[in-house]
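>>> got a predicted structure here, sequence first:
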Amino acid sequence: TANKPVQVYTRRGKYAGHEVDAAGWELVYDNPSVHFRGRKNPTELLGVDVTIPYGEYQSFFVWSAGEKLLYNIGTSKEDVYSDNGYMEFYQGAALLDKFSGNADD
C-alpha cells in the first residue's frame, strides 16, 4: 500500500505514567518511508537494535504521522500477549498522538 514515516521510541522500564511525555524516551528508529503492507501482512521494521537486560522491562512506542497503525485488540494493559520461553511480550496502550501531554489521547 502506501509509504509513510515511522518512528520507534524506547525506554527502560514500564511505559505506564510516561505515555504522553517525551522525557525518558529514546528514538531508536526513524524511517521517512516505510512501505505499509496492508491488513493481514505485518510490516517489518528492520534495523531496530535495542538490548534488553535479563529480568528487565523495556517499553516501546511506535508512531507514524498521519497513519493509523493496525494492531490486535488485547484483553487488558500489561497482560501477557505472547511468551516464547525466553521473553514475555505485554499488551500496551493505543494513543492518538505522539507525546501530546494529554492523558486523554
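Sure thing, it's come through. Everything quoted here is computed from the prediction, not taken from an experiment.

>>> low pLDDT regions in this protein?
1, 70, 72, 103-105 (pLDDT under 70).

>>> output stretch 54-65 as PDB, nothing but the C-alphas.
C-alpha atoms of stretch 54-65 as PDB (Å, rounded to 0.1, in the frame of the first residue of the first chain):
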ATOM      1  CA  TYR A  54      17.800 -10.100  31.600                       C
ATOM      2  CA  GLY A  55      14.900  -9.600  34.000                       C
ATOM      3  CA  GLU A  56      14.200  -6.000  33.000                       C
ATOM      4  CA  TYR A  57      11.200  -4.400  31.300                       C
ATOM      5  CA  GLN A  58      11.600  -2.400  28.100                       C
ATOM      6  CA  SER A  59       8.800  -0.200  26.700                       C
ATOM      7  CA  PHE A  60       8.300   0.700  23.000                       C
ATOM      8  CA  PHE A  61       6.300   3.500  21.400                       C
ATOM      9  CA  VAL A  62       5.600   3.100  17.600                       C
ATOM     10  CA  TRP A  63       4.300   6.200  15.800                       C
ATOM     11  CA  SER A  64       3.500   7.100  12.200                       C
ATOM     12  CA  ALA A  65       2.500  10.600  11.100                       C
END
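
>>> buried stuff in it?
59, 60, 61, 62, 63, 64 (16 or more other Cβ atoms under 10 Å). Where C-beta positions appear, they are placed from N, C-alpha and C, glycine not excepted.

>>> distance from the chain centre to it, please.
Offset of stretch 54-65 from its chain centre (Cα atoms, centre = their mean, to the nearest Å): 5 Å.

>>> circling back: check the buried residues of stretch 54-65 against residue 85 and report the nearest one.
residue 60 (20.5 Å; Cβ to Cβ).

>>> show me which of the buried residues of stretch 54-65 is closest to residue 44.
Nearest to residue 44 among the buried residues of stretch 54-65: residue 62, at 12.4 Å, using Cβ to Cβ.
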